[in-house]
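Asker: A structural model of the following input is requested.
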Amino acid sequence: MTTPPSAHHPTPGADTTTEPLTTEPLTTEPHPTRTTRTARAHSFNTAAAQYAANRPSYPPALLDAIEDLAGHPLPGSRVADIGAGTGIATALLNARGADVVAVEPGDGMAAQFRRTLPAIPIIRGTGDDLPLATASLDFVTYAQAWHWTDPARAVPEALRVLRPGGALALWWNTDALDVPWIAEAAARTGRHFGIDISAEKRNVNARAADPTGRLDFTRRTVRWSRRVPVDTHLANLASHSVFLVHDEEHTASFLAAEREHLLRAFPDGSVEEVYEVVLLLAKTPA
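Answerer: Residues are numbered from 1 along each chain as shown. Prediction:
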């Protein structure tokens, strides 16, 4: 389920400029073990409906940036959206005019995708072993999903299925930590769950996305926001893997306290979420 068009808009002065790359490892936690990583990756299947209903979508300016960096329009292009989840990004690509096929490994997420987007084909599979024909695609996209892959396998697979001149596009919604209330909320989350929220944005970089250096990524950020009820904001938080893998009591205690903080910051009960979408895009040789 996508965010309704009226619910998202570019923040005034939206930044769509190219940025320098950093070099930290790409991860959503400081030092994930294989067991923890697997548990977090599979946790979404039990919360697919919550994920679809409350997660943010992406602004039109992101698709503009993808086309600009790729030098190729999305309308009429053959696109595979990998780790498609409930179809938030897939729906936007389809609405843009792309010929999209989704690839998703999770039972719960795939079932929710079919309920939401019954007309768009979805194939079960992962980015590490794509069930797609060689040189068949103009774009391969990963929305909030590349960090669940093994780049040593996913990079060659993306290169295999892309046509000459095709593009691999990876992107993530990251919290705008320069906004005071968001920085304070991130600090509370970090203390409660023992994680480094700020690492999410630092760790989205070319070296981590492709440790082999085979791909020449360009990085761009697009700043945007949406205004949602407090309940939607809290449900969005609770759909993230770090919440889903903890016991219900631990998560519930945090969310109850967080509601009180938010209502002090937003007495009318309407929260202004501000995001920076971080986009990495690499083209294959023409």
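Asker: Every contact and neighbour count from this point should use C-alpha atoms.
Answerer: OK.
Asker: what residue ranges in this structure score low on pLDDT?
Answerer: 1-49, 51, 200-202, 242, 244-247 (pLDDT under 70).
Asker: Are we agreed that residue 236 is in a helix?
Answerer: Yes: under DSSP: H, G, I helix; E, B strand; the rest coil, residue 236 falls within a helix.
Asker: burial of it, as a residue count?
Answerer: Residue 236 sits with 17 neighbouring residues when counted by other CA atoms under 10 Å.
Asker: Pretty sure it sits against residue 54.
Answerer: Yes: using CA atoms under 8 Å, residue 236 is in contact with residue 54, at 4.9 Å.
Asker: Grab the nearest non-local neighbour of the most centrally placed residue in the chain.
Answerer: The geometric centre of the chain, computed from its C-alpha atoms, lies nearest to residue 144 (CA atoms, centre = their mean), at 2.1 Å. The shortest distance from residue 144 to any non-neighbouring residue, by CA to CA, 6 or more residues apart in numbering, is to residue 172 (4.8 Å).
Asker: tell me the contacts of the one you found?
Answerer: By CA atoms under 8 Å, 6 or more residues apart in numbering, the residues touching residue 172 are 143-144, 277-279.
Asker: what bridges to it?
Answerer: Taking DSSP bridges as the rule, residue 172 bridges to residue 278.
Asker: got a markdown table for the contacts of residue 172, with distance to residue 100 too?
Answerer: Shown next, in a markdown table, are the contacts of residue 172 (distance: CA to CA, whole Å):
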| residue | distance to residue 100 |
| --- | --- |
| 143 | 14 |
| 144 | 17 |
| 277 | 21 |
| 278 | 22 |
| 279 | 19 |
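Asker: so where do the helices sit in the protein?
Answerer: 34-43, 48-54, 60-70, 88-96, 107-116, 151-161, 180-193, 199-202, 206-209, 230-238, 241-244, 248-265 (DSSP state H).
Asker: Among those, which comes closest to residue 222?
Answerer: Closest approach to residue 222 among the helices of the chain is made by helix 60-70 (6.3 Å; CA to CA).
Asker: name the helices or strands packed onto the closest one?
Answerer: Applying 3 or more CA pairs under 8 Å, 6 or more residues apart in numbering; DSSP states H and E, one finds that helix 60-70 contacts strand 162-175, strand 218-229, strand 270-283.
Asker: switch to 7 Å and redo it
Answerer: If contacts are counted by 3 or more CA pairs under 7 Å, 6 or more residues apart in numbering; DSSP states H and E, helix 60-70 sits against no helix or strand.
Asker: Check which residues of it are buried.
Answerer: Within helix 60-70, the residues that count as buried by 16 or more other CA atoms under 10 Å are 60-63, 65-66, 69-70.
Asker: do the same with stretch 204-223
Answerer: 204-210, 215, 217-223.
Asker: ditto for stretch 143-153
Answerer: Quick answer for stretch 143-153 (16+ other CA under 10 Å): 143-149, 151.
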